[in-house]
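*Asks:* Build the 3D model from these lines:
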Amino acid sequence: MAAIDIGTNSIHLVVARPVGGDRFETLTREREVVRLGSGGGDMKVLSAEALDRGLACLTRMKGIADGFDAELRAVATSATREATNARQFIARAAEVGVDIEVIPGVEEARLIHLGVLQAVPVFDRRLLLIDVGGGSTELLIGECGETIAARSLKVGAVRLTDRFFPAGTISADAVKACRAHVRSLIEHFHRDVSTHGFEVVVASSGTAETVARIAHEATGADALRTYNCFEVTKEALDDVVARLVKHRTADGRRKVAGLDSQRADIIVAGALILATIAEAFDVASFVYSEAALREGVLLDTISRRRGGSEFHHLRDVSRRSIRQLVDRCDDDPAHSIHVARLAVMLFDAIPQLGALGRSARDFLEAGAMLANVGLVVAHSQHHLHAYYVIRNSELAGLTDNEIEVIAQIARYHRKSEPKQSHETFAALSADDQRLVRSLAAVLRLAIGLDRRHDGRVGGVRADIDDSGTLVVTALAAGGGDIDLEVFAADERSALLGRVLDCDVEVVAGPPAS
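*Replies:* Numbers count the residues shown, from 1 in each chain. Purely as a prediction, here's the structure:
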């Protein structure tokens with residue numbers, strides 16, 4: 001297997017061989033500084049030059065992965081998820097054989113957490129994880145592999161360099177302003193730190209490694225073969241910052257022992273982020289982890305395989321975050337859970353839907369669970385509100401595209417059918433449009449089957465009769481009257497008929513056993 005981490009500053013590749021049930025043996029690593037993203041605020045556009053650099057790098061890394069005959073998975077983070085022309089980058093990458101998953105910040109934090117646990121022995125300790133990237137910083141509190149709290153902040157070494165230290169040139173006032181800016185944003189995570197606490201702090205990323213190297217060099221000790229698990233005290237971190245800010249220019253900082261010359265322009269911003277977090281959260285020391293996002297991607301891929309389903313993670317990590325959103329926003333979660341159960345039954349009973357792929361069933365369940373979260377905004381047009389709520393919620397275990405698909409399934413559970421005139425639907429790939437259209441059609445029928453919100457339809461069957469009609473049989477739970485449910489489902493079956501290119505009829509059957 002191979003994993004590519006497409007960051008704002010650099011692109012990383014790791015190729016590994018799975019070992020045992022849940023580990024891997026690293027075969028090779030590659031890293032290139034690409035500077036895909038830039039800009040002091042939102043990184044709205046990937047420049048033509050950055051796109052060319054990124055694609056050239058991905059082509060080379062794809063070649064390395066192919067040399068190992070490795071299955072490749074690529075994820076993109078801050079710069080790509082913020083760029084308005086990200087689809088152009090993704091489409092061009094697909095042309096060279098690299099399919100990019102754009103992942104949300106909280107999913108990035110979760111995957112980094114997975115990777116870190118393979119490199120640092122802190123599984124059974126409550127940890128504060130800090131990953132300072134080029135465009136964003138991920139903060140996470142976790143224990144025993146579980147995420148307790150996570151947040152992605154738009155502060156990164158490249159972003160803040162562009163804003164406060166153009167071309168890597170610093171001043172005392174700019175350093176002070178940068179610290180104040182970081183403090184203002186990390187304050188949003190202060191309540192989580194105060195509530196949950198931590199026993200150990202782990203820092204990953206190039207910034208943390210560079211700080212560790214400079215701190216070690218300052219001791220005059222012999223060079224280390226690896227800096228994994230190297231501990232940096234708060235005092236040593238502050239000393240590194242002081243050493244760096246003594247030099248006004250990037251050229252001057254290149255003389256600092258332990259500093260990679262390619263980071264000379266952005267290291268001040270990165271180190272200030274780390275130091276400001278340490279001060280705000282009273283961090284006495286941190287341990288550096290050489291494993292991060294790419295290793296987490298490998299482990300997540302292994303987990304999916306072990307579960308027997310490409311998207312098995314939807315039934316664990318994501319299921320929990322989906323249920324949390326339901327509990328916060330849905331005033332009748334029992335109805336949504338029952339509709340999801342009926343929708344999955346329908347999916348399993350209709351053979352034609354199997355062609356949608358292994359992920360479809362999980363997407364349908366998630367869309368059904370979340371179809372009513374828009375009610376937290378208003379009942380009127382709550383399907384549109386559901387799309388907004390889902391799209392702007394932090395759902396762990398899902399890529400950006402997976403969240404988009406689920407949000408659109410929920411959005412089309414009522415009212416207008418998916419249309420090319422709808423901007424968000426038109427922006428989907430042809431395969432994802434088919435997925436949304438098909439699963440929304442199933443969801444509409446399932447919602448009809450619980451018209452009175454009391455679970456009186458306990459199950460369903462589906463058969464094709466001699467005339468080619470799909471006959472959906474609703475099975476009453478406990479022998480109750482289900483005429484209204486049958487009528488409501490039949491009224492909502494038109495889209496499913498168009499999807500399957502056949503007539504659909506909903507009828508009542510005997511009580512569900």
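
*Asks:* Just the CA coordinates for stretch 428-443, please, in CSV.
*Replies:* Extracted C-alpha coordinates of stretch 428-443, given in CSV (Å, rounded to 0.1, in the frame of the first residue of the first chain):
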residue,chain,number,x,y,z
LEU,A,428,-20.8,16.0,-8.7
SER,A,429,-19.1,13.4,-10.9
ALA,A,430,-21.5,11.3,-13.0
ASP,A,431,-21.0,8.4,-10.7
ASP,A,432,-21.9,10.4,-7.6
GLN,A,433,-24.9,12.0,-9.3
ARG,A,434,-26.2,8.5,-10.0
LEU,A,435,-25.5,7.6,-6.4
VAL,A,436,-27.3,10.6,-5.0
ARG,A,437,-30.3,10.2,-7.3
SER,A,438,-30.7,6.5,-6.6
LEU,A,439,-30.3,6.6,-2.8
ALA,A,440,-32.5,9.7,-2.4
ALA,A,441,-35.2,7.7,-4.3
VAL,A,442,-34.9,4.9,-1.8
LEU,A,443,-34.9,7.3,1.1
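
*Asks:* what's the average pLDDT for it?
*Replies:* Here stretch 428-443 scores 96 as its mean pLDDT.

*Asks:* Return the set of buried residues in it.
*Replies:* Buried positions in stretch 428-443, judged by neighbour count with 16 or more other Cβ atoms under 10 Å: 428, 432-443. Where C-beta positions appear, they are placed from N, C-alpha and C, glycine not excepted.

*Asks:* ditto for stretch 234-252
*Replies:* 234, 236-237, 240-241, 243-245, 247, 250.

*Asks:* re the thing from before, farthest pair within the buried residues of stretch 428-443?
*Replies:* Spatial extent of the buried residues of stretch 428-443 (Cβ to Cβ) is set by the pair L428 and V442 at 17.5 Å.

*Asks:* Strands of the chain, start to end?
*Replies:* Here the chain has its strands, by DSSP state E, at 2-6, 10-19, 23-33, 72-76, 100-102, 127-132, 137-143, 146-153, 200-204, 231-233, 285-288, 457-464, 470-476, 504-508.

*Asks:* With I112 as the reference, name the closest of the ones you listed.
*Replies:* strand 127-132 (5.0 Å).

*Asks:* any idea how this structure splits into domains?
*Replies:* As assigned by automatic domain parsing, the chain contains the domains 2-102, 121-290, 307-508.

*Asks:* now do the same end-to-end measure for the shortest one.
*Replies:* The first residue of domain 2-102 is 17 Å away from its last residue (Cα to Cα, to the nearest Å).

*Asks:* now the helices for the stretch 151-300 of the chain?
*Replies:* Remark: helices assigned in the stretch 151-300 of the chain by DSSP state H, counting those that start in this stretch are 157-164, 172-186, 190-196, 206-219, 234-245, 250-253, 267-280, 293-306.

*Asks:* how about those, which one is nearest D331?
*Replies:* Per Cβ to Cβ, nearest to D331 of those: helix 190-196, 26.1 Å.

*Asks:* What about K154? Give its phi and psi, please.
*Replies:* phi -80, psi 60 (degrees, to the nearest 10).

*Asks:* Show me the shaky parts of the stretch 401-513 of the chain.
*Replies:* In the predicted model of the stretch 401-513 of the chain, residues 511-513 satisfy pLDDT under 70.
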